[in-house]
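Colleague: Curious how this folds, go ahead:
(2 chains)
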Amino acid sequence: MSSVSEDPDTGIPPAEVPDLPPPHAHGFWSRWVFSQDAKYIALQYSGTAIAIGLVALVLSWLIRMQLGFPGVFDFISAEAYYQFITMHGMIMVVYLLTAIFLGGFGNYLIPLMVGARDMVFPFVNMLSFWVYFLAVVVLAASFFAPGGPTGAGWTLYPPQAILSGTPGGTQWGIVLMLVSLILFIIGFTMGGLNYAVTVLQARTRGMTLMRMPLTIWGIFTATVMALLAFPALFVASVMMLFDRLLGTSFFMPALVEMGEQLSYGGGSPIVFQHLFWFFGHPEVYIVALPAFGIVSDLIAVHARKNIFGYRMMVWAIVIIGALSFIVWAHHMYVSGMHPYFGFFFATTTLIIAVPTALKVYNWILTLWRGDIHLTLPMLFALGFIVTFLNGGLTGLFLGNVVVDVPLSDTMFVVAHFHMVMGVAPIMVIYGAIYHWFPLISGRMLSHRLGLIHFWVTFIGAYAIFFPMHYVGLVGVPRRYPDISASFVPDSVATLNAFITVAALTVGAAQMLFLFNVAWSLARGRKAGHNPWRAASLEWQTPEVPPRHGNWGDELPVVYRWAYDYSVPGAPRDYIAQDDPGHRASWSHVP
Amino acid sequence: MSIVLGFVALVAVIALTWLWRQGVAERPWLETGAVTRSPSPGGQPTGRTGLGVFLIVAGGLFALAGSAVTMRMGYADWFEMRLPRVVWAGTALLALSSLALQAAVFAARRGDGPGLASWIGAGAASMAAFLLAQGLAWARMAETGQGLAATPGASFFYLISGLHGLHILGGLVALARVATRLRRGPGAAAPAVALCTIYWHFLLIVWIAMLAILTGWASDAAALCRAILS
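Modeller: The predicted structure is shown next:
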């Protein structure tokens, strides 16, 4: 138990760390380009991530056009198709989702939610964004390089990734991809140090770990995981770059290509798979944990109820984070591993379902008898819960070796991971943007446009990915540009055409969202102070949107957790975290 | 992957112990009022925590590289490396550099300004000499038919010593920045010198661990332990 003072008027300890002003901008460049303000860096991160994400969205349209109507579009050759799927996957997973959750929401929310003036190393934070930006530029450059981007699949498995049969394999594509990943990881490490150390060191007085909103718990745990997992991708990328450029054989076995013996010999592609998935599996949770955290806060605020089982939610986040490091080989069931290893990894994989299910139950119990406001953030949060549950259930199938082996490399897997780490986190990102847009801009997003956006996206996503499970079950393999002349029944072609139409529609709905953002920035309804009546600290700044330094003259003092909603006897239906006045009396409520 | 799993387990134990001491079993819904505990873990300065987190990242990087070596060792074409002698001389220089910086920390504690400056100089010089020795080792290996792509062991040696060298260069840049603070007296530079020293010790430990893995001593020791235990 922590020592809690009985009298908040006299019990506030002096700040241990001196309250230093964050670095001030002195000119155009340091204010608008190389800004060291975490809020501005957050917007730079989000803007860049969404911009490159739009490229990936267009690529998904092209992928679907080929699958839905094979042979109709001449410009989509098999090579181009491989390049599209590779770049779509890599951009979405790494350059959009990871960057926007940690670089975007992490930068914006961590200092505000823990009551800090800024990140602890603002210069490094600024550098982090620019290295990320450079990584995105290098990635985008590969579209214009001779031979185009790599078409090795987002997993970049050797030996095919650096052979001549794969688009970009012996040209620029794979080199630019690997260099871009290396840059991304360097940039992320700089940012990640900031996110973790700010949570550790810069919490304001009274903000104990167990008073942090779950958003911060999710982002913090995901950051620590990413700091441990990304080095695996870094090592793998450097080694593959050596193989490609310097002729080493880390991953390359002896090969005959086009009747010619290559100079490689002795390397092991399986070593790459281990390194890749040691990063790749935690990556799922690096994206999911911030989403879990954010969705918990959205539900509590918009159902006007304290989050059910806060402690369990925190523990579940930490346990999921720890477990995700010992399940990576479930991506490698078909690589010829020892059956006992398969058994071990299947067991650990299924164990993760326990804390994850606990979180889903707690969200539902938070909603139970809550004062549910069907605002846009709430709608997206509900959409997330349903989608995550669906994707998670198919994950239970795939986690079992015996079920996974026949389903491996089919569209079932594609449908599963799009549900669980494509649609579900995107739902949370939208929910979070609708929720925090008033804080960032001072204006509300249009509710009516938002409703159209939500329903088209939500129903559309199910129209895309639900039938895709069936396509996979009849055996349609992933990564094949054209299956029309093969063993699959005609109904698959019909279903594929249907999915394509749905995908194009959902994509178009995202343009509506962009329009909503642009229109609301200029003409949206003024939000005022704390429009959602939220209790957490980021809404309690003296000015909305918060200024440089966040807190005016004095840092806030925190007296309670972030979930005092509908407290019996309180004057309002929420008590802000920095409100010393009312003592919550949950202990007396039956 | 056992090396990196061991590393992650170590990090997990540290993290869970810390979390427990920070009170993750508290019931925040029952508590209101200002909490008297400081937010920083044990009142540590921010730089020290930052360095700690960075060492975990860098440690993870080398643990993964070490894991890749041990996985590759399991294949039939692996054979033991013959490292040039200059590697051992270099390792001694690295250890000396570490000792010199430790002496610098002691000098800073005594308030001995000239001593601090000369020990930092000695540390930087021996670290630079270590890098030179590594360069000589690369040249000697290339001369004796152990070029970058010649044998699997050699490839890993170049890769790992290269990554380690880059970390050293970063450390030297940091040390140079610290040295510019010396004009303001030993007291002003002392905390930063202490951080550099921790980093130097880390670089030494990592290098010895990597040598143990590359030369096969680590796997011999593990085999011996297994034999004793079974």
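Colleague: Could you use CA atoms for every contact and neighbour count after this?
Modeller: OK.
Colleague: who are the neighbours of the longest helix seen in chain B, in terms of helices and strands?
Modeller: Counting by DSSP state H, the longest helix found in chain B is helix B:113-143. In this structure, helix B:113-143 packs against helix B:86-110, helix B:152-180, with contacts taken as 3 or more Cα pairs under 8 Å, 6 or more residues apart in numbering or on different chains; DSSP states H and E.
Colleague: Chain A: which of the ones you listed is closest?
Modeller: Shortest distance between chain A and these, using Cα to the nearest Cα, is found for helix B:152-180: 6.5 Å.
Colleague: so, in contact with chain A or not, that closest one?
Modeller: Yes. Using Cα under 8 Å from any Cα of the partner chain, we find that helix B:152-180 touches chain A at B:152, B:155, B:159.
Colleague: Need the phi and psi values for the residue nearest to the second one when sequence neighbours are not counted.
Modeller: Pointing back at residue B:155 there. Take residue B:155 and drop its neighbours on the chain: the residue closest to it by Cα to Cα, 6 or more residues apart in numbering or on different chains is residue B:148, 4.9 Å away. With angles defined as degrees, to the nearest 10, residue B:148 sits at phi -60, psi -40.
Colleague: Now do the same contact list for residue B:148.
Modeller: The neighbourhood of residue B:148, defined by Cα atoms under 8 Å, 6 or more residues apart in numbering or on different chains, consists of A:246, A:248, B:142, B:154, B:155, B:158.
Colleague: Serialize the residues you listed to TSV and add fields for pLDDT, distance to residue B:52 and neighbour count.
Modeller: Listed next are the contacts of residue B:148 as TSV, based on pLDDT from 0 to 100; distance: Cα to Cα, whole Å; neighbours: other Cα atoms under 10 Å in any protein chain shown:
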residue	pLDDT	distance to residue B:52	neighbour count
A:246	94	34	13
A:248	92	34	27
B:142	92	37	15
B:154	92	31	24
B:155	93	30	22
B:158	95	27	18
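Colleague: between those residues, which is closest to residue A:209?
Modeller: Residue A:209 lies nearest to residue B:158 out of the contacts of residue B:148, by Cα to Cα, at 43.3 Å.
Colleague: check contacts around the closest one.
Modeller: Neighbouring residues of residue B:158 by Cα under 8 Å, 6+ apart: B:138, B:148.
Colleague: Buried residues, the longest helix of chain B. List them.
Modeller: Buried residues in helix B:113-143, counted by 16 or more other Cα atoms under 10 Å in any protein chain shown: B:113, B:115-131, B:133-138, B:140-141.
Colleague: before we move on, what about stretch A:145-155?
Modeller: Buried residues in stretch A:145-155, counting neighbours by 16+ other Cα under 10 Å, are found at A:147, A:148, A:149, A:150, A:151, A:152, A:153, A:154.
Colleague: Tell me how many other residues surround residue 108.
Modeller: I'll assume chain A. 23 (other Cα atoms under 10 Å in any protein chain shown).
Colleague: nope, chain B
Modeller: Residue B:108 is flanked by 25 other residues according to other Cα under 10 Å.
Colleague: any idea how far it lies from residue B:118?
Modeller: As judged by Cα to Cα, to the nearest Å, residue B:108 and residue B:118 stand 11 Å apart.
Colleague: now the longest helix of chain B against helix B:152-180, angle please.
Modeller: With axes from the mean of the first three to the mean of the last three Cα atoms, to 10 degrees applied, the angle from helix B:113-143 to helix B:152-180 works out at 160 degrees.
Colleague: hang on, the earlier thing: got CSV for the buried residues of stretch A:145-155, with distance to chain B too?
Modeller: Listed next are these as CSV, based on distance: Cα to the nearest Cα, whole Å:
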residue, distance to chain B
A:147, 26
A:148, 28
A:149, 26
A:150, 24
A:151, 25
A:152, 22
A:153, 22
A:154, 21
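Colleague: The residue of the stretch 401-550 of chain A found nearest chain B in helix, strand or coil?
Modeller: The stretch 401-550 of chain A approaches chain B most closely through residue A:535 (13.3 Å), counting by Cα to the nearest Cα. The assignment at residue A:535 comes out as coil when based on DSSP: H, G, I helix; E, B strand; the rest coil.
Colleague: Which residues of the stretch 51-200 of chain A lie near chain B?
Modeller: So far as Cα under 8 Å from any Cα goes, the stretch 51-200 of chain A lies against chain B at A:120, A:193, A:194, A:196, A:197, A:200.
Colleague: Let me have the residues you listed in TSV, extended by neighbour count, pLDDT and distance to residue B:28.
Modeller: Below are those laid out as TSV (neighbours: other Cα atoms under 10 Å in any protein chain shown; pLDDT from 0 to 100; distance: Cα to Cα, whole Å):
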residue	neighbour count	pLDDT	distance to residue B:28
A:120	25	93	26
A:193	26	96	27
A:194	28	95	26
A:196	24	95	22
A:197	25	94	23
A:200	20	91	18
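Colleague: among those, which are in helices?
Modeller: Checking those against DSSP H, those in helices are A:193, A:194, A:196, A:197, A:200.
Colleague: returning to what we had before: of all the buried residues of stretch A:145-155, which comes closest to residue A:307?
Modeller: For those, the nearest to residue A:307 is residue A:154 (37.0 Å; Cα to Cα).
Colleague: Find the residue closest to that closest one in space, skipping its chain neighbours.
Modeller: Nearest non-adjacent residue to residue A:154 (Cα to Cα, 6+ apart): residue A:86, at 4.6 Å.
Colleague: Tell me the confidence at the one you found?
Modeller: Note for residue A:86: predicted pLDDT of 96.
Colleague: thought it was touching residue A:148?
Modeller: No. In this structure, residue A:86 is not within contact of residue A:148 by Cα atoms under 8 Å, at 11.7 Å.
Colleague: quick revisit: so the residue nearest to residue B:155 versus residue B:88, what's the distance?
Modeller: Distance from residue B:148 to residue B:88, by Cα to Cα: 20 Å.
Colleague: which stretches of chain A have low pLDDT?
Modeller: The model of chain A has pLDDT under 70 over residues A:1-18, A:20, A:582-590.
Colleague: Can you show me the strands along it?
Modeller: For chain A, strands defined by DSSP state E occupy the ranges A:256-257, A:260-261.
Colleague: Let me know which of these is tucked in deepest.
Modeller: strand A:256-257 (a mean of 11; mean count of other Cα atoms under 10 Å in any protein chain shown).
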